[in-house]
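Peer 1: A structural model of the following input is requested.
(chains A and B)
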Protein chains: 2
Amino acid sequence: MNRLVVQKYGGTSVGSIERIKKVAERIARMRKEGLDIVVVVSAMAGETDKLLDMAKQITSTGKDREIDLLLSSGERVSSALLSIALDSIGCPAISMTGRQIGLLTDNSHTKARIKGVDTDRSRRALENGNVIVVAGFQGINEHGDVTTLGRGGSDTSAVALAVALKAERCEIYTDVDGVYTADPNIVPDAHKMDRVSYDEMLEMSSLGAKVLQFRCVEFCKKYDMPLVVKSSLVEESKGTLICEEDSSMEQPVVSGIMNDKNQAKITIKGVPDQPGIASKFFTGLADENLSVDMIIQNVSDENHTDISFTVTNEDINKATKIVQELGKLIEARDISADPNICKVSIVGAGMRSHPGVAAKMFSALSNENINIIMISTSEIRVSCIIEEKYGELAVRVLHKVFNMTKPKKIVP
Amino acid sequence: MNRLVVQKYGGTSVGSIERIKKVAERIARMRKEGLDIVVVVSAMAGETDKLLDMAKQITSTGKDREIDLLLSSGERVSSALLSIALDSIGCPAISMTGRQIGLLTDNSHTKARIKGVDTDRSRRALENGNVIVVAGFQGINEHGDVTTLGRGGSDTSAVALAVALKAERCEIYTDVDGVYTADPNIVPDAHKMDRVSYDEMLEMSSLGAKVLQFRCVEFCKKYDMPLVVKSSLVEESKGTLICEEDSSMEQPVVSGIMNDKNQAKITIKGVPDQPGIASKFFTGLADENLSVDMIIQNVSDENHTDISFTVTNEDINKATKIVQELGKLIEARDISADPNICKVSIVGAGMRSHPGVAAKMFSALSNENINIIMISTSEIRVSCIIEEKYGELAVRVLHKVFNMTKPKKIVP
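Peer 2: As a prediction, the model looks like this:
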């Protein structure tokens, strides 16, 4: 067996015939270096939305089984086109659908979970010298029906195949050249990281880093599959390697800074301070599938308490309505909603061995007169809810305070 | 088991969301009348060409296996959309791909032949009260790879399913409302036929009647499956029934008149009159997959003969080249090609019992001073090659001579 790499190309990377040809050239070059390659492709940019839009013109409640058949066709088209492109430049290739690559899922249409991968056929195809081009985002269930894996599904396909085929690594090609210390649009000094640990990447993905889905990173961590994110547009992109923490290396205390604007706060004032009252609210929200992030509770007077919590902006109206109904029942004094907040977070595996990181963050924000509304932490993360207007300033200040600017190379 | 009908809707009939909704309404109405229905759909109009064009932008020699995966996606999209549309108006429906409907083919990608239909799953789906919406044009081979059935493939899917499921009839919905005695654009008096026999339809299809593919009619004849062609755009279209000849009924002598302009003639003069010389030409043409229609041979002098034959316009250059090369070897006197001819044909099961039909056709053409260049006949057909400029005139004359104008209803 040769060394095997699984590569995934997103919708932008295969968004036109010209781009598909470019991707084919890149793969053919790597193939010449003696690597076995399995490629997972997304639908051409815009295709999935176009298909979904047609379904919505008919009804907003199309059956999930049919939606899956509909959506899965986009990836089939790009896998056929890319394998035609590879063949046409002398690099033998074979397309495979979710079924042909053996990707078995449960029956949860539109958000199926992978149950297993049957690698018999793909191993044979590799042994016969083929590059395999897999239609991402899709599998089949026990009935032989097409299922799709939900948002970021092609990344999940790629990681699952990398694990099943015991690949050396999984490479995700996208339109950015890796994971940055902060959004370069906000912090001009931000730089691409060469290496990030699974745990750090998990925190960053859950904080809204769009470059990788949480689920994909989780999968890689579980099976210790090295993951590389790089650009398909920049030839020399080295990307960012996401892998197990390397204890032999000096860790930066803070690796990345994120600002999540998709946050809103709801405050309930004057809640009777009795056991079980708070749980009523959060059970009510959970019943409607609304996910609550941070919660704080303050005593307002002897018998009453104030409760604040955060949800995403999309959920704010639905959440407010539920809380208002429950608030009436328990005679809460006042209920207010505030969408003008954001969550600024610092993430770094080095925090484990460096106490005082949170304190340093708080004082840096305080020095800029930025009021911290809520705080939450994990072992390798500190998040603060602040007013939205201070979000970008906070990111810039923290990037500087934690010395995250790339050390300049000293020219002799 | 309810009575079962298989319906096929072509690309124009499902060419937009509005049309798909209309088709859904029609199906739901028939379903309410207690019929079990299996629907076969083509790709939305233009989709297959769009996919093929993308492949051609990469290379003109894409592998057939990949082309099949590419092209098959169009029908999957329309089957998903139509079943969503049916469900949304309260008519339970389930989409099925070629694999799910059990359509097994040989391995000839892009022109696969059907080997069998496994009806287990479709029978269960029907018993559960579903309308089944099948992605036409596609099946799978023994390796589990997607195959496509070639031109008119969705019609073939429909007929094969009708036979396998023992349907009462197979209905082909298209943009015309049936089979006409002649092209109404040429003959204003031409009328739609209520009924045509398999043999007549086979002749008409091989003469270029586009409404039904030869292969589809052949399949129906073999299994005696009644076939109805009707319009999906005109609600009250009764269409044309293609079925076994009904000997109890009075047959019109001539049922249909066709004019095939896609004909060209090649003439080789001064061929040495020796056994085996003519066969050299036609073997040479057959080796290049060129199909020759009519052939005539005349003596030109004691030792030489002239040979003329017809091919389609697309093949004329290739055929001329082959004939010229062989002509040099045998020292033929002259080789000429003439694309300005056409083939006018009359078709009618009634000819079997009516002698003199050919003679009547020849004298009708002669009365108009139309010269007949070549003639060929079958039991129920007479075809004449004439100059292309007289084609439409010939059709009009013959339509009149054979009394094919629909008898006017007598209003009391």
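Peer 1: In chain A, which helix is the longest?
Peer 2: Counting by DSSP state H, the longest helix found in chain A is helix A:64-88.
Peer 1: Give me the residues contacting the helix or strand following that one.
Peer 2: Remark: after helix A:64-88, the chain's next helix or strand is strand A:93-96, criterion DSSP states H and E. Under the criterion Cβ atoms under 8 Å, 6 or more residues apart in numbering or on different chains, residues A:76, A:79-80, A:82-83, A:86-87, A:121-122, A:125, A:130-135, B:65-66, B:69 lie in contact with strand A:93-96. Any C-beta I mention is one placed from the backbone N, CA and C, and that applies to glycine too.
Peer 1: could you redo the last one with a cut-off of 6 Å?
Peer 2: Outside strand A:93-96, the residues that touch it by Cβ atoms under 6 Å, 6 or more residues apart in numbering or on different chains are A:79-80, A:83, A:86-87, A:125, A:130-134, B:66, B:69.
Peer 1: Stretch A:312-322 too?
Peer 2: The contact list for stretch A:312-322, computed with Cβ under 6 Å, 6+ apart, reads A:N262, A:A264, A:I266, A:G284, A:L285, A:L290, A:V311, A:A337, A:P339.
Peer 1: Reformat those residues as a markdown table; add neighbour count.
Peer 2: Listed next are the contacts of stretch A:312-322 as a markdown table, based on neighbours: other Cβ atoms under 10 Å in any protein chain shown:
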| residue | neighbour count |
| --- | --- |
| A:N262 | 13 |
| A:A264 | 24 |
| A:I266 | 24 |
| A:G284 | 15 |
| A:L285 | 21 |
| A:L290 | 18 |
| A:V311 | 25 |
| A:A337 | 15 |
| A:P339 | 16 |
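Peer 1: can you tell me which two in the residues you listed are farthest apart?
Peer 2: A:N262 and A:G284 (21.9 Å; Cβ to Cβ).
Peer 1: quick one: strands adjacent to the worst-scoring helix or strand of chain A on mean pLDDT?
Peer 2: Here the helix or strand of chain A ranked lowest by mean pLDDT, DSSP states H and E is strand A:295-301, holding a mean of 83. If you go by DSSP bridges, strand A:295-301 pairs up with strand A:304-311 (antiparallel).
Peer 1: need the next SSE after the partner strand, C-terminal direction.
Peer 2: Next along the chain after strand A:304-311, taking DSSP H and E as the criterion, comes helix A:316-329.
Peer 1: returning to what we had before: pipe the contacts of stretch A:312-322 into TSV and attach secondary structure, pLDDT and distance to B:L329 per row.
Peer 2: Shown next, in TSV, are the contacts of stretch A:312-322 (DSSP: H, G, I helix; E, B strand; the rest coil; pLDDT from 0 to 100; distance: Cβ to Cβ, whole Å):
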residue	secondary structure	pLDDT	distance to B:L329
A:N262	strand	92	80
A:A264	strand	96	87
A:I266	strand	95	93
A:G284	helix	89	93
A:L285	helix	91	90
A:L290	coil	88	85
A:V311	strand	94	87
A:A337	strand	95	92
A:P339	strand	95	88
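Peer 1: Alpha carbons of the helix or strand harbouring A:I20, as CSV, please.
Peer 2: Per DSSP H and E, A:I20 falls inside helix A:17-32. Written as CSV, here are the backbone C-alpha positions of helix A:17-32 (Å, rounded to 0.1, in the frame of the first residue of the first chain):
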residue,chain,number,x,y,z
ILE,A,17,-15.0,24.1,-15.3
GLU,A,18,-11.8,26.1,-15.1
ARG,A,19,-11.5,25.5,-11.4
ILE,A,20,-12.2,21.8,-11.8
LYS,A,21,-9.4,21.6,-14.3
LYS,A,22,-7.0,23.4,-11.9
VAL,A,23,-8.0,21.0,-9.1
ALA,A,24,-7.3,18.0,-11.4
GLU,A,25,-3.8,19.3,-12.2
ARG,A,26,-3.0,19.6,-8.5
ILE,A,27,-4.2,16.1,-7.8
ALA,A,28,-2.4,14.7,-10.8
ARG,A,29,0.9,16.3,-9.6
MET,A,30,0.5,14.8,-6.1
ARG,A,31,-0.4,11.4,-7.6
LYS,A,32,2.9,11.5,-9.6
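Peer 1: what's the angle between it and helix A:64-88?
Peer 2: Here helix A:17-32 runs at an angle of 60 degrees relative to helix A:64-88 (axes from the mean of the first three to the mean of the last three Cα atoms, to 10 degrees).
Peer 1: so what secondary structure elements neighbour helix A:17-32?
Peer 2: Applying 3 or more Cβ pairs under 6 Å, 6 or more residues apart in numbering or on different chains; DSSP states H and E, we find helix A:17-32 packed against helix A:64-88.
Peer 1: Let me know the average pLDDT across the helix it packs on.
Peer 2: Helix A:64-88 shows a mean pLDDT of 97.
Peer 1: what about it and chain B, any contact?
Peer 2: Yes: judged by Cβ under 6 Å from any Cβ of the partner chain, helix A:64-88 comes into contact with chain B through A:66, A:69-70, A:73, A:76-77, A:80-81, A:83-85, A:87-88.
Peer 1: for that helix, packing partners?
Peer 2: If you count contacts as 3+ Cβ pairs under 6 Å, 6+ apart, helix A:64-88 packs onto helix A:17-32, strand A:36-41, helix A:47-58, strand A:93-96, strand A:131-135, strand A:146-148, helix B:47-58, helix B:64-88.
Peer 1: quick one on the thing from earlier: possible to save the residues of helix A:64-88 next to chain B as JSON lines with neighbour count?
Peer 2: Putting the residues of helix A:64-88 next to chain B into JSON lines (neighbours: other Cβ under 10 Å) gives the following:
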{"residue": "A:E66", "neighbour count": "26"}
{"residue": "A:L69", "neighbour count": "30"}
{"residue": "A:L70", "neighbour count": "26"}
{"residue": "A:S73", "neighbour count": "23"}
{"residue": "A:R76", "neighbour count": "24"}
{"residue": "A:V77", "neighbour count": "27"}
{"residue": "A:A80", "neighbour count": "30"}
{"residue": "A:L81", "neighbour count": "28"}
{"residue": "A:S83", "neighbour count": "30"}
{"residue": "A:I84", "neighbour count": "27"}
{"residue": "A:A85", "neighbour count": "28"}
{"residue": "A:D87", "neighbour count": "24"}
{"residue": "A:S88", "neighbour count": "18"}
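Peer 1: between those residues, which is nearest A:K221?
Peer 2: The nearest one, if we look at the residues of helix A:64-88 next to chain B relative to A:K221 and count by Cβ to Cβ, is A:R76, at 30.1 Å.
Peer 1: For the stretch 51-200 of chain A, what lies in contact range of chain B?
Peer 2: Residues of the stretch 51-200 of chain A lying close to chain B by Cβ under 6 Å from any Cβ are A:54-55, A:57-59, A:62-63, A:66, A:69-70, A:73, A:76-77, A:80-81, A:83-85, A:87-88, A:95.
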